[in-house]
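Visitor: Okay, here's the prediction I keep looking at, along with the sequence it came from:
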2 protein chains.
Amino acid sequence: MEAWKDYQEQHKERFLDELLQLLRIPSVSARGEHKQDMIACAEAVKAHLLKAGCAKAELFETPGHPIVYGEIITDPALPTVLVYGHYDVQPPDPLELWHSGPFEPVIKDGKIYARGACDDKGQFFMHVKALEVMKAAGQLTTNIKFLIEGEEEVGSPNLADFVKNNKALLKADVILISDTAMISLDAPSMDIGVRGLSYIEVEVTGPNRDLHSGVYGGAVANPITILAKMIASLHDEHNHIVIPGFYDDVVEATPEERKLMAEAPYDEHEFKADLGIAEVWGEKGYTTNERTGIRPTLELNGIWGGYTGEGAKTVLPSKAFAKISCRLVPNQDSHKITDLLINHLKKIAPPYIQLKAELHHGGEPYMTPIDSKGYQAAAKAIETTFGKQPIPVRGGGSIPICALFEQELGIKIVFMGFGLDSDNLHSPNEKFDVANYYKGIETIPYFHQYFAEG
Amino acid sequence: MEAWKDYQEQHKERFLDELLQLLRIPSVSARGEHKQDMIACAEAVKAHLLKAGCAKAELFETPGHPIVYGEIITDPALPTVLVYGHYDVQPPDPLELWHSGPFEPVIKDGKIYARGACDDKGQFFMHVKALEVMKAAGQLTTNIKFLIEGEEEVGSPNLADFVKNNKALLKADVILISDTAMISLDAPSMDIGVRGLSYIEVEVTGPNRDLHSGVYGGAVANPITILAKMIASLHDEHNHIVIPGFYDDVVEATPEERKLMAEAPYDEHEFKADLGIAEVWGEKGYTTNERTGIRPTLELNGIWGGYTGEGAKTVLPSKAFAKISCRLVPNQDSHKITDLLINHLKKIAPPYIQLKAELHHGGEPYMTPIDSKGYQAAAKAIETTFGKQPIPVRGGGSIPICALFEQELGIKIVFMGFGLDSDNLHSPNEKFDVANYYKGIETIPYFHQYFAEG
């Protein structure tokens, strides 16, 4: 057991350097201009897999960005762990709010600042380095497969087909994912579920061209005003979503689960101070942790229309746009919710505008059973290195492919995340604590050991 | 009388070429990067004034863009006409909707397409060419002063001081402005008023940084949602503005005026077809012409927040912004309305966001008396060249400086516009009909003649 710790200690500087190198590649999957960067990043991941000890690694082309697959089969009789992660990152905008370049990683106060530091380059790379450590120490207790995709941040549009067409290749006993957060190093936690997602874009067209707001204002519907009215109508005064049928399939959390959630560390004063807000907001009758964990939501991710530049332009614009996404909880179906949302918007669209509403992407919610072999192995691994049993929590984020994994491969997923909620995922100044990175690399080998023993 | 027509006919190609040259200068006053273009444009205007026959012309520096002044005093005993116009233009965005470059003027189907073609380069330049025509024909019947500013599209922030400090220089008997539209060449009309303006920008701040919409969504107020709710609440179900006190000072149009307005040519079917809308929109109880003429309005000119790029980004943004402007009718005061608007927004801002609301610029409404000597001279000039008496209409646009002109200089303003409402002012593909341009140059000398005779 100690052998792998020694190896990690001896090579920790290099383990950090290698992550920084990976973070320098601007692998923004949403942007066409980064197509070459995506390929470069996939190639770098493949090279790292081989270097760390995979017997083979390759790129699989897709209609979008390539999927990286690698494996080391120590002994077919051993259990197999499939590690899933993604090498693509969110767009770095708004750039002006970053303290350092999003693709020029810096370490400051023990934190790695870069787009993808935590989500998910830093987190999947812990598994690559854990493999190197285990292999070097001669302590490989499982077969390991890696599935590192490049389209998670755009809804994994091509992963489902890949999984369906490569079931034998991906055959495993458990799927291990580090793409979620824990409460803190002092209060380790493990996600027992992720929310589903339904992400749409809306275009409201008023007049067929931008108009002078003096000459036409007051007599022609302004698409911004109409879009605002439509958005405003989606939540009632209790911040309950008013789309008919939206909550129909929600499985309410049991009083026991809500009681357990209430015991998880949460300080509203700290929460507000960290975000700089005077008041929290959300659905009446639920706590902050419940609002992000067990309840579905509807959020505006973007809005634009008319003149947005410097100074004043007196225009009545032709068009206004919004990006809207819902987070879904177990038993909600993303296709059904997308249809409900789009149909509701069409229904409330007034006759003096034209509405276009289209799906960007979606994904189903997923819950992992606490009594599964994988969860138990991960919980024990965390207890070993953190000295504390992890608190099971429901994560607010989404990993759209989870439900499909279980459906197609027939195996359970374990979320063993080492990030923090405060890591600024999807925001400027994304970070990952160096201590968490090393702690992950230290903890992962125990998971493999306990899972093999279990 | 015929002499000036001959001269115009002989030089019409050049008159067009000179306008096109002026239109090639991207004199966008709202954008700092066009500072040098603004100076170049002012210099070009000055050169044209001298070339057309002004005895002197000069640039006056301001804290913003320069003011161009020129004059020809034929005989101090003659009446003096002060021509006001502006050489600055609106920003050309959205660029992708232009069929040709906004600063690469083209003539197509008898129309000049370019930013500023009508508003206001094409229109003030008619007066420059009319001067050349009158001078060449030896038929100058008035003294003429030109005040061509470079900040009309940003609310004329420096013109008031200039006017106050140069009352003697600007002394005149009437102010003549071509910066409005007529119904058509077949139905000539003259504006008898312009609306006032109150233009503000609003910034809503939720959390102190962009957040992951999964991790925080549902538990933290989304500034886009809150801004949408605030915007949505500004008009009631009858599209009446709900800001307390907003309509208090509005002088209702008399039944006679409304009757007269109802007689002006207006075809709702054509109006809707031209704009590509299925239904008109507006304040209940008023017609389209009344909504843009005698009623104040509140329009959204721009909105932005969150992720507005390609693809999907699951962000709960820190900030959302809007540009909002009100058009005001006689007796409303723009300072008072701005205060009402900003205070109302502050009052309805919920505690979980921070609101910043600031004035961009404003201007007072203005009405010109039909029985004034200037209006009568302009109406007679139009009747002479169009063969029809102009229909008096209330214009929907704003020329913020009008009220100040009358207050400081003690003289009346005449709006003699030759543009059309369909000229796409402030929109992509702004145009000015060549026929209207020539008709303006033909009509203006009659104004001077009749005003001098009057």
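Guide: Noted; the coordinates are in hand.

Visitor: ok, which stretches of the stretch 251-400 of chain A are helices?
Guide: Along the stretch 251-400 of chain A, the stretches classed as helices by DSSP state H, counting those that start in this stretch are A:255-263, A:268-275, A:288-293, A:334-348, A:373-386.

Visitor: Tell me how chain A divides into domains.
Guide: A:2-194+A:365-453, A:196-250+A:296-363 (automatic domain parsing).

Visitor: re earlier: taking the helices of the stretch 251-400 of chain A together, which one is wrapped up most tightly?
Guide: helix A:288-293 (a mean of 22; mean count of other C-beta atoms under 10 Å in any protein chain shown). Bear in mind the C-beta positions are built from the backbone N, C-alpha and C, glycine included.

Visitor: what packs against that helix?
Guide: Applying 3 or more C-beta pairs under 8 Å, 6 or more residues apart in numbering or on different chains; DSSP states H and E, we find helix A:288-293 packed against helix A:255-263, strand A:391-394.

Visitor: circling back: as JSON lines, the domains of chain A with distance to B:Ala42 and mean pLDDT would be great.
Guide: Below are the domains of chain A laid out as JSON lines (distance: least, C-beta to C-beta, whole Å; pLDDT from 0 to 100):
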{"stretch": "domain A:2-194+A:365-453", "distance to B:Ala42": "33", "mean pLDDT": "95"}
{"stretch": "domain A:196-250+A:296-363", "distance to B:Ala42": "18", "mean pLDDT": "96"}
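
Visitor: Any idea which of those domains gets closest to B:Ala221?
Guide: B:Ala221 lies closest to domain A:196-250+A:296-363 among the domains of chain A, at 9.0 Å (C-beta to C-beta).

Visitor: The closest one: end-to-end distance?
Guide: Criterion C-alpha to C-alpha, to the nearest Å; first-to-last residue distance in domain A:196-250+A:296-363 is 5 Å.

Visitor: mind checking how far it is from the chain centre?
Guide: The chain centre lies 24 Å from the centre of domain A:196-250+A:296-363; the measure is C-alpha atoms, centre = their mean, to the nearest Å.

Visitor: What is the longest helix of chain A by residue count?
Guide: helix A:2-23 (DSSP state H).

Visitor: Give the next helix or strand downstream of that one.
Guide: helix A:35-52 (DSSP states H and E).

Visitor: near chain B at all, that following helix?
Guide: No. Contact of helix A:35-52 with chain B (C-beta under 8 Å from any C-beta of the partner chain) is absent, the minimum separation being 12.5 Å.

Visitor: Same question for stretch A:223-242.
Guide: Yes. Residues of stretch A:223-242 contacting chain B under C-beta under 8 Å from any C-beta: A:224-225, A:227-229, A:231-233, A:235.

Visitor: Return the closest of those residues with respect to B:Leu22.
Guide: Distance to B:Leu22, by C-beta to C-beta, is smallest for A:Ile224 among the residues of stretch A:223-242 next to chain B, at 33.0 Å.

Visitor: so A:Ala136 touches A:Tyr7, yeah?
Guide: Yes. Between A:Ala136 and A:Tyr7 there is a contact at 4.8 Å, judged by C-beta atoms under 8 Å.

Visitor: Please identify the pairing partners of the strand or helix carrying A:Leu176 and their relative orientation?
Guide: A:Leu176 is part of strand A:174-177, with elements assigned from DSSP H and E. When pairs are called by DSSP bridges, strand A:174-177 turns out to pair with strand A:80-86 (parallel), strand A:413-415 (parallel).
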